[in-house]
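S.K.: need coordinates for the below:
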Amino acid sequence: MGIPKRNISEIKTRYELEPDLSDIYLEGTFDKEIFDAALKVAPEYFRPCYAIDDIEVDADVLAGYELTTGNRQRVIALANELDLPDTCVRLVVDRDFEDWLPTLPNTNGLVPTKYCDVEAVFFDEDFVKQVMLDASRCKISEWDKFFEALKSRLCELFFLRLEIVSSQMDSGLIDFTRCMRLVNGIPELNLPDLVERSLSGCSTKNDREAIVLRVEKRIFNLSNKSHQLVSRGHDFLKLVAWCVRATKGLKAFQSEESIARLLVLFAGSKKDDLLHPIW
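M.R.: Purely as a prediction, here's the structure:
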């Protein structure tokens, strides 16, 4: 039998009795693992972390705030329900599309990640280089061009997802790696093919062509934005794993799961960016 979930009324009572508590609530158990690992190397900043999966946030609570299901929405609902004064408690959600489609309420304690999400913190050149060249022994002849291509591919995926959400299309993307290939050792994404194969059932051909143009326009107009703000973590992990396979890297690093476990290992070195929302 699993551990019973904590309910919101119990949590509210706890903070009324102990207003100096400085807990952290996160979207998922993996986020909690990463935060725990980052805090472990900075014991002076230690704060208890909880995954929203361990809290009872039922459908009625979500409906009361016109929120859909999903862990991000559940964290937002919990923040609204607690309605805390300006305390040290932090409820951390992925920044996601917030810079383009603001949705977060102005609720005490509710804060976004520094970059797109927790995993995106690790999308810097040093980390990717260590994974792909040092650990995986990938065969990459022009690293600078390769890394720039990684940034471009993830940016394309980010803005495509943004356009789908903005257009309120009832569809997600197929596995984008099915539209990937290496061209002269550089990862390329066939964006029109990905759009066609993902959205053909819910849009017209003109709609799909327009989406591709809007994505390209967004990328062209992008200026002074960190690539970590326009790169989703799950896409990052999937793309790196695909690249390890495509460039004949070691088999042990050819899965998203294996790359993800490295994030926990390296969390301490990224603690400042990871813990940025809770200061």
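
S.K.: spatially nearest residue to Ser136 (excluding sequence neighbours)?
M.R.: Leaving aside its sequence neighbours, Ser136 sits nearest to Gly249 (CB to CB, 6 or more residues apart in numbering; 3.4 Å). No exception for glycine: its C-beta is placed from N, CA and C like everyone else's.

S.K.: contacting residues for the one you found?
M.R.: 132, 136-139, 243 (CB atoms under 8 Å, 6 or more residues apart in numbering).

S.K.: and it, what element?
M.R.: Under DSSP states H and E, no helix or strand contains Gly249.

S.K.: next one: it from Ala135, what distance?
M.R.: 8 Å (CB to CB, to the nearest Å).

S.K.: then Glu27?
M.R.: For Glu27 relative to Ala135 (CB to CB), the value is 28 Å.

S.K.: of these two, who's got more company?
M.R.: Glu27 (23 against 17; other CB atoms under 10 Å).

S.K.: name the nearest residue to that one, ignoring sequence neighbours.
M.R.: Spatial nearest neighbour of Glu27, excluding adjacent residues (CB to CB, 6+ apart): Asn71 at 4.3 Å.

S.K.: tell me the pLDDT of Met1.
M.R.: In this model, Met1 is scored at 49, pLDDT.

S.K.: let me fix that, I meant to ask about Lys32.
M.R.: pLDDT for Lys32: 98.

S.K.: now do the contacts for it.
M.R.: If you count contacts by CB under 8 Å, 6+ apart, Lys32 has them with 26, 49-51.

S.K.: and the strands in the chain, which stretches?
M.R.: Using DSSP state E, the strands of the chain run over residues 6-7, 24-26, 49-51, 55-56, 90-93, 110-112, 180-183, 186-189.

S.K.: want to throw these into CSV with distance to Gln168 and mean neighbour count?
M.R.: Below are these laid out as CSV (distance: least, CB to CB, whole Å; neighbours: other CB atoms under 10 Å):
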stretch, distance to Gln168, mean neighbour count
strand 6-7, 33, 13
strand 24-26, 28, 25
strand 49-51, 29, 19
strand 55-56, 29, 18
strand 90-93, 21, 25
strand 110-112, 22, 20
strand 180-183, 27, 13
strand 186-189, 24, 18
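
S.K.: worst mean pLDDT among those?
M.R.: Taking the mean pLDDT of the strands of the chain, strand 6-7 comes last: a mean of 93.

S.K.: the residue of the chain positioned farthest from its centre and Glu10: what is the separation?
M.R.: Distance to the chain centre peaks in the chain at Leu17, reaching 34.1 Å (criterion: CA atoms, centre = their mean). Leu17 sits 11 Å away from Glu10, going by CB to CB.

S.K.: correct me if wrong: Phe176 contacts Asp235.
M.R.: Yes: the pair Phe176 / Asp235 is scored as a contact, 7.2 Å apart, by CB atoms under 8 Å.

S.K.: who touches both of the two?
M.R.: In contact with both Phe176 and Asp235: Leu157, using CB under 8 Å, 6+ apart.

S.K.: where's stretch 235-250 relative to the chain centroid, distance-wise?
M.R.: 18 Å (CA atoms, centre = their mean, to the nearest Å).

S.K.: identify the farthest-apart pair in the contacts of Gly249.
M.R.: Within those, two members stand farthest from each other by CB to CB: Arg137 and Cys243, at 12.7 Å.

S.K.: of those two, who's got more company?
M.R.: Cys243 (25 against 14).

S.K.: that one contacts Leu133, correct?
M.R.: No: Cys243 is not in contact with Leu133 according to CB under 8 Å; the separation is 11.2 Å.

S.K.: let me see the confidence value for Cys202.
M.R.: 88.

S.K.: where does the prediction get shaky in the chain?
M.R.: 1-2, 223 (pLDDT under 70).

S.K.: how many residues are close by Asn80?
M.R.: 16.
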